[in-house]
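Visitor: dropping a prediction and its sequence here:
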2 protein chains.
Amino acid sequence: MSITNPTVTHYLAVNQPLQLTSGATLPEYELAYETYGQLNEDKSNAILICHALSGDQHVAGIDANGKKGWWDGYIGPGKVIDTDKFFVVCSNNLGGCRGSTGPTSINPQNGKVYGPDFPIVTCKDWVQSQNLLREHLDVEQWAALIGGSMGGMQVLQWAIDFPEKVRHAIVIAAAPKLSAQNIAFNEVARRAIMSDPDFHDGRFIEHDTIPKRGLTLARMLGHLTYLSDDMMGVKFGRELREGKLQYNYEVEFQVESYLRYQGEKFATKQNFDANTYLLMTKALDYFDPAADFEHDLSKALAQATAKFLVVSFTSDWRFSPQRSHEIVKALLDNDADVSYAEVKSEHGHDAFLLPNPHYEGVFRNYMKRVHQDTLAAEAQK
Amino acid sequence: MSITNPTVTHYLAVNQPLQLTSGATLPEYELAYETYGQLNEDKSNAILICHALSGDQHVAGIDANGKKGWWDGYIGPGKVIDTDKFFVVCSNNLGGCRGSTGPTSINPQNGKVYGPDFPIVTCKDWVQSQNLLREHLDVEQWAALIGGSMGGMQVLQWAIDFPEKVRHAIVIAAAPKLSAQNIAFNEVARRAIMSDPDFHDGRFIEHDTIPKRGLTLARMLGHLTYLSDDMMGVKFGRELREGKLQYNYEVEFQVESYLRYQGEKFATKQNFDANTYLLMTKALDYFDPAADFEHDLSKALAQATAKFLVVSFTSDWRFSPQRSHEIVKALLDNDADVSYAEVKSEHGHDAFLLPNPHYEGVFRNYMKRVHQDTLAAEAQK
């Protein structure tokens, strides 16, 4: 079933408080989400896509602004995640800035923009809120949960927290927790934002400004870690923007120009909220499902009943294949049904979003299994 | 010969203009340098140490402020670079902020602080100026040139530009040119400094301020790239500063605390000049000796007559062993006398400054050769 364009964002208003991992409570909230394809009669064909740091609910199709979904290459009729077969759902994470309640929303308790007062949320909290979306859609069990990077972490958390609600878990370019280096990169990005004088302790909206410099830097740094050294070499090498060396402090090499463009676009044209950026990086830092299980990932995953596909990319140095091995090993410790693919790619962490015949082949094949299990679930009813 | 403490900074005043690679001219300048040990009668035992990005002339001993030299572990009586045998010299690079003429110096043409008007200098320019220091010291040929990281690049440049002045070239943790990723990291650091409102287009001294936020960020990012992921894991893991999660945006993990401390110390206590930081990173970006030889490093090194020791460290991801292989290969293409060691270390790029038995063994052995060749040179006279 082809995607109806422009795509529409739906809102689920939750009027019950959400008890957060931090101890704080969110009194009420909305979740913004899009759906594609048709939910079948017995509601066994629903897939939830979990988004990464700067992602949102618009994962496929073309929205009212003419913008293509961030994973449109993989989702649609006849595509890897086939909307002819599946009902695909994607929601903006709580704390986001694309429609779900977050720092840019109004705090009902004082009528002002939340800004820095928006409570810190974790991966566990996201999964709790997404589970209410599942109930709202009247889906008993997701045919599959699918996510890359931070999205893959949510898939893992789902498999641990709501095992019976997850038939298949597809965890791509993820890690079971951040390394000290990962946290350090996040900290430099946060510091860039928070030390921007236009940040105003997070109350920049009230000051009618945005911490553009800080957000630009954070995004530049992010991009740097998403691309591989090799790929940057292939893409930019030491190419000069003006053809010859200028001997000044202006943008000189193509790679500088690219990064600055990406950073500025993110901060201005895409208008990403700086508080959301802080919050998302914190949720990444905090993600550590094994912590509740004596720091033993195998124990954490012992209760998971889903079948797993884990995918990593050879040139991903943010979440290297080694990190996926940790997940696979913990699953195998539990005799879980797990498929694993280490995909050769030059594109670094970004590879999970890009075309790649090996990746698509593995993914498509696995989705056939997901479809077969969906049909089996249907037959059982 | 033990080092006389406190160490003393000498100044070489050069009253002739220096024609720079950029086309600009520096009318006059001073070079700040320290020396340790005794120059022998025939002046055949002099070694020049070239410093890295944030280094300076104070490489060994204790200075008047009680500060130990940045490579003191390797330089001194009986140490790897033995001041009983060698006369060791180290100068602050032109454009630096520790005594040599640079952005914090007074521009003789208008009596004001140079600031951003200080011309961009390159590795080639540094070597030209260091060659005047060689003449001043009346050294015909360096027994060895030694440098790590950016220092190693200067050693390579010396071997190409003044082949007959270099008996041994010791190039540690370096690269024959920066990769696109290396340049990108430098660009994010520069952007952090230049977008700090206290930067004032480089005229922050006139505004009686420093771009502390930007410089802190730049240094945090630098540190991140000097340490290996593994080492950060060993050193910090996911240890919490307060013992338990705080769920706020304050420093939470030990690695954050460490990085912030390093960044702030650099910007304030160490008072490193922001314009110097920009200039040094630019010189790194520009370094590409092969560019003048049809982009063929083998051709560039064809005129080198020195004997070489090249050292890399397994966990160095800033200038990985692969980058040293490029240098070694180009030297072997010319049938040069080259020794190469790939030292196992968890300490990333920083390894070149740290104790390591394998590294010290290789280095010490090679220095015996340097000493033998020094004695041979002495005997010839």
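Guide: Received, thanks.
Visitor: least trustworthy helix or strand in chain A by mean pLDDT?
Guide: helix A:229-235 (a mean of 89; mean pLDDT, DSSP states H and E).
Visitor: can I get the helix or strand following it in PDB? Just the C-alpha atoms.
Guide: Counting by DSSP states H and E, the element after helix A:229-235 in chain order, helix or strand, is helix A:254-267. What follows is helix A:254-267, C-alpha atoms only, in PDB (Å, rounded to 0.1, in the frame of the first residue of the first chain):
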ATOM      1  CA  GLN A 254      35.900  21.000   1.500                       C
ATOM      2  CA  VAL A 255      35.400  19.000   4.700                       C
ATOM      3  CA  GLU A 256      35.300  22.200   6.700                       C
ATOM      4  CA  SER A 257      32.700  23.700   4.400                       C
ATOM      5  CA  TYR A 258      30.600  20.500   4.600                       C
ATOM      6  CA  LEU A 259      30.600  20.300   8.400                       C
ATOM      7  CA  ARG A 260      29.900  24.000   8.900                       C
ATOM      8  CA  TYR A 261      27.000  23.700   6.500                       C
ATOM      9  CA  GLN A 262      25.500  20.700   8.300                       C
ATOM     10  CA  GLY A 263      26.000  22.400  11.700                       C
ATOM     11  CA  GLU A 264      24.300  25.600  10.700                       C
ATOM     12  CA  LYS A 265      21.500  24.000   8.900                       C
ATOM     13  CA  PHE A 266      20.700  21.900  12.000                       C
ATOM     14  CA  ALA A 267      20.700  25.000  14.200                       C
END
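Visitor: contacts for helix A:254-267?
Guide: The contact list for helix A:254-267 (Cβ atoms under 8 Å, 6 or more residues apart in numbering or on different chains) reads A:54, A:210, A:212, A:215-220, A:223-224, A:232, A:235-237, A:239-241, A:251, A:272, B:180-181, B:183-184, B:187-188, B:191. C-beta coordinates here come from the backbone N, C-alpha and C atoms, glycine included.
Visitor: tell me the mean pLDDT over it?
Guide: For helix A:254-267, mean pLDDT is 94.
Visitor: list the buried ones in that helix?
Guide: Buried residues in helix A:254-267, counting neighbours by 16 or more other Cβ atoms under 10 Å in any protein chain shown, are found at A:254-260, A:262-264, A:266-267.
Visitor: write out the residues of the stretch 251-381 of chain A neighbouring chain B.
Guide: By the rule Cβ under 8 Å from any Cβ of the partner chain, the part of the stretch 251-381 of chain A lying against chain B is A:251-253, A:255-256, A:259-260, A:263, A:278, A:282, A:285-286, A:288, A:317.
Visitor: tell me the two of those that are most distant?
Guide: Spatial extent of these (Cβ to Cβ) is set by the pair A:252 and A:288 at 41.1 Å.
Visitor: more neighbours, these two?
Guide: residue A:252 (22 against 18; other Cβ atoms under 10 Å in any protein chain shown).
Visitor: wait, that one sits on residue A:242?
Guide: Yes. Judged on Cβ atoms under 8 Å, residue A:252 makes contact with residue A:242 at a distance of 7.3 Å.
Visitor: low-scoring stretches of the stretch 1-150 of chain A, by residue?
Guide: A:1 (pLDDT under 70).
Visitor: quick one: contacts for the residue in it positioned nearest to chain B?
Guide: Proximity of the stretch 1-150 of chain A to chain B (Cβ to the nearest Cβ) peaks at residue A:22, 3.6 Å away. By Cβ under 8 Å, 6+ apart, the contact list for residue A:22 reads A:119-122, B:245, B:247.
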